[in-house]
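Asker: can you look at this prediction? I've put the sequence above it.
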There are 2 protein chains.
Amino acid sequence: MSKGKLFVISGPSGSGKSTLLAEVLEKLENNFFSVSATTRPPRPGETDGVSYYFKSPAEFKKMIENGEFLEYAEYAGNYYGTPAAPIIKQLENGKDIFLDIEVQGALQVRSKMPEAVLIFAVPPSFSVLEKRLRNRSTESERIIMMRLEAARIEYKKASEYDYVVITDKPGDAANEIISIVKAEKCRFAERKYLLDEAFDRA
Amino acid sequence: MSKGKLFVISGPSGSGKSTLLAEVLEKLENNFFSVSATTRPPRPGETDGVSYYFKSPAEFKKMIENGEFLEYAEYAGNYYGTPAAPIIKQLENGKDIFLDIEVQGALQVRSKMPEAVLIFAVPPSFSVLEKRLRNRSTESERIIMMRLEAARIEYKKASEYDYVVITDKPGDAANEIISIVKAEKCRFAERKYLLDEAFDRA
């Protein structure tokens, strides 16, 4: 059996990433969605252990000290981090893993696991992004402005990513990610063992 | 409009490439299948200008001298070559191009056009390949043995390719190539202009 592959999805808050990822995970088999830890308070409808592991700042700090994170970052005043142990275990089990993390974290993952595949999800325009953030209306104007500024900064890092998907019609973006996942499973390095099986005794 | 992308498919004779490519081209839009020139005699059912441009050795030599080929190679005693002009024109027109060429030729294309995507198509095993070649039974035992030896040599070059597809069930391999094409259209370099449109005036 071949090892699983790590897919990292980033994109501005309001890019529609969560909806997109839910659709992708429903359509793909044999995957594992890594749940992040965060010090951000839950939004309405979010469940501990499903949306995030919600941690106090003190608990989060302890996890950093214990080296429990594959990556962690501060973003808009809160900490977000990816626990490493479940990821390593599930990759060994042959599961593909999807991480929904910010740009700083994604680049930490790339430096630790260069074989990770980085996908940047963006809305079709900046004005659409602004509209989505305002329609969500769970956050103060100050936070919205911070998120927009963060989006401008993140956009400048998009060139570090392997792929870009535009979250215009969600179905299209999900199909693109599914194509990316399928294509990445056809990479020479992934298929080498099959080739060797077919030809080595020829 | 973005430029088209060049996809090169190689694989041993008998790997099922032609059937596979026909299926891919039928399912994809906006593409252009480059027809090769060859000095090999037509097989039953092959049409000049569709399967190949069938050329005499003297005609082929003249095309080489005129620098008309993107790549050319000798294979099993015959010459095969890809006329460059139609490829360059169709890429500019935004068409994706599919080349069905041997390994030597594919590596010439890569050195001239590093952005080309190389896909290696192989049967599930060497014994399946042998069976397919014998069942085709249009060729002498000597040619079959030459093709099998060529397959052994080509297999050693598979590591130069970006992707490997296994032509076990043809439908599966075609879907894999379609995923590869769709994924390659999501590459950062391909999407940069969309990102810039979305964010540059933000």
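Answerer: Received the coordinates, thanks.
Asker: got any ranges where chain A has weak pLDDT?
Answerer: A:1, A:137, A:170, A:201-202 (pLDDT under 70).
Asker: around chain B, pick out the residues from chain A.
Answerer: Neighbours of chain B within chain A, by Cβ under 8 Å from any Cβ of the partner chain: A:119-120, A:122-126, A:148, A:151-152, A:155, A:158-159, A:161-166, A:175-176, A:178-180, A:182-184, A:186-188, A:191-192, A:194-195, A:197-199, A:201-202. Heads up, the C-betas are built off the backbone N, CA and C, glycines and all.
Asker: among those residues, which ones are in strands?
Answerer: Using DSSP state E, the subset of the residues of chain A next to chain B located in strands is A:119-120, A:122, A:163-166.
Asker: wait, which of the residues you listed is closest to residue A:130?
Answerer: residue A:122 (13.0 Å; Cβ to Cβ).
Asker: and stretch A:24-41, how far apart are its ends?
Answerer: Terminal residues of stretch A:24-41 lie 26 Å apart, using Cα to Cα, to the nearest Å.
Asker: got it, and stretch A:163-177?
Answerer: Stretch A:163-177 has an end-to-end distance of 9 Å (Cα to Cα).
Asker: identify the residues contacting it?
Answerer: A:7, A:9, A:11, A:15-17, A:19-20, A:23-24, A:27, A:117-124, A:158, A:180, B:182-183, B:186-188, B:191-192, B:194-195, B:198 (Cβ atoms under 8 Å, 6 or more residues apart in numbering or on different chains).
Asker: buried only: go through these for me.
Answerer: A:7, A:9, A:11, A:15-17, A:20, A:23-24, A:117-123, A:158, A:180, B:182-183, B:186-188, B:191, B:194-195, B:198 (16 or more other Cβ atoms under 10 Å in any protein chain shown).
Asker: so how far is chain B from residue A:112?
Answerer: Computed with Cβ to the nearest Cβ, to the nearest Å, the distance linking residue A:112 and chain B is 21 Å.
Asker: also residue A:103?
Answerer: 13 Å.
Asker: got it, and residue A:52?
Answerer: 27 Å.
Asker: for the closest residue to that residue other than its chain neighbours, phi and psi?
Answerer: Distance criterion Cβ to Cβ, 6 or more residues apart in numbering or on different chains; nearest residue to residue A:52, sequence neighbours excluded, is residue A:38 at 4.7 Å. Backbone torsions of residue A:38, given as degrees, to the nearest 10, read phi -150, psi 160.
Asker: what's opposite residue A:38 in the beta bridge?
Answerer: residue A:54, residue A:80 (DSSP bridges).
Asker: quick check: it touching residue A:54?
Answerer: Yes: counting by Cβ atoms under 8 Å, residue A:38 does reach residue A:54; the two are 6.5 Å apart.
Asker: which one's more surrounded, those two?
Answerer: With neighbours defined as other Cβ atoms under 10 Å in any protein chain shown, residue A:38 and residue A:54 compare such that residue A:38 has more, 20 against 17.
Asker: list the residues that contact that one.
Answerer: A:52-55, A:60, A:78-81.
Asker: circling back to that earlier point, which of the residues of chain A next to chain B fall within helices?
Answerer: Those of the residues of chain A next to chain B mapping onto helices are A:126, A:148, A:151-152, A:155, A:175-176, A:178-180, A:182-184, A:188, A:191-192, A:194-195, A:197-199, per DSSP state H.
Asker: phi and psi next, for the residue most central in space within chain A.
Answerer: Chain A has residue A:100 as the residue nearest its centroid, 2.2 Å off, counting by Cα atoms, centre = their mean. Per-residue torsions, residue A:100: phi -110, psi 90 (degrees, to the nearest 10).
Asker: check the gap between it and residue B:28 for me.
Answerer: Residue A:100 sits at a distance of 30 Å from residue B:28 (criterion: Cβ to Cβ, to the nearest Å).
Asker: and residue A:21, by the same measure?
Answerer: Computed as Cβ to Cβ, the residue A:21 to residue B:28 distance reads 27 Å.
Asker: if you count what's nearby, which of the two comes out ahead?
Answerer: residue A:21 (20 against 16).
Asker: excluding chain neighbours, what is closest to that one?
Answerer: Here the residue nearest residue A:21, using Cβ to Cβ, 6+ apart, is residue A:100, at 5.7 Å.
Asker: please apply the same query to residue A:56.
Answerer: Using Cβ to Cβ, 6+ apart, the closest residue to residue A:56 is residue A:39 (6.9 Å).
Asker: isn't the one you found right up against residue A:76?
Answerer: No: between residue A:39 and residue A:76 there is no contact under Cβ under 8 Å: 11.0 Å.
Asker: the two: which has the busier surroundings?
Answerer: More neighbours surround residue A:39 than the other of residue A:39 and residue A:76, with 19 against 15 (other Cβ under 10 Å).
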